[in-house]
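Visitor: Fold the following, please.
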Amino acid sequence: MDSLGSGKSGAPAPAAAAGKWLGIDYGEARIGIAVSDTLGILARGLETIRWNGKDMAWALDRITALTWEHGITGLVIGIPRRTDGKPGKPGQSEDKARLMAALLAEKTGIEPILRDERYTTVLAHRIMRETGVRTHQRRAVVDQIAAEILLQEYLDSLRRDNRRDNA
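Guide: Below is the predicted model of the structure:
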């Protein structure tokens, strides 16, 4: 799992999004979760997991439970990067998100797709501001919306790639 956009190293991303997908916006205080419909067309925010950033086993158990509860067949995990696209310092959020992805693969048997999540939270804040959501209400849902954006962008990219391949 060392390249963004694919699961296992060198493995291409799936050609179609059939089945339910879970989008995960990793954060050290909150993890946003989004889920797709069964056709893999539309993403919607599902839950914000609040955690201390230290008890990864607890967070993994919650995400695994959501995976089984919703019949998830694919995972998309946002990898936090610096705005210039370079990885952060060792041991920071990117490394922790990659560790979470590896541990989720072990727990669920589903190889996660890793995606660059650089501007999803910024976009989520912008959407909420433009739709009139008050500042104090944003914190509760911003990570869910970021996960929704992350997952929707991935599902859209699969459809674009599939159309291009079938043209």
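Visitor: which residues of this protein fall in strands?
Guide: Ranges of strands in the chain, per DSSP state E, are 20-25, 30-36, 43-50, 72-79, 113-116.
Visitor: Which residues does the fourth one contact?
Guide: Residues outside strand 72-79 that contact it (CB atoms under 8 Å, 6 or more residues apart in numbering): 4, 14, 17-26, 35, 40, 66-67, 94, 97-98, 100-101, 104, 108, 110-117, 120, 146-147, 150-151, 154. (Glycine included, C-beta is placed from N, CA and C.)
Visitor: average pLDDT across it?
Guide: For strand 72-79, mean pLDDT rounds to 96.
Visitor: what's the angle between that strand and strand 30-36?
Guide: 140 degrees (axes from the mean of the first three to the mean of the last three CA atoms, to 10 degrees).
Visitor: Was I right to think R81 contacts Y119?
Guide: No. Look at R81 against Y119 with CB atoms under 8 Å: they stay out of range, at 10.2 Å.
Visitor: what packs against the helix-or-strand element of the chain with minimal mean pLDDT?
Guide: Of all helical and strand segments in the chain, the minimum by mean pLDDT, DSSP states H and E falls on helix 120-130, at a mean of 82. Secondary-structure packing of helix 120-130 (3 or more CB pairs under 8 Å, 6 or more residues apart in numbering; DSSP states H and E): helix 135-166.
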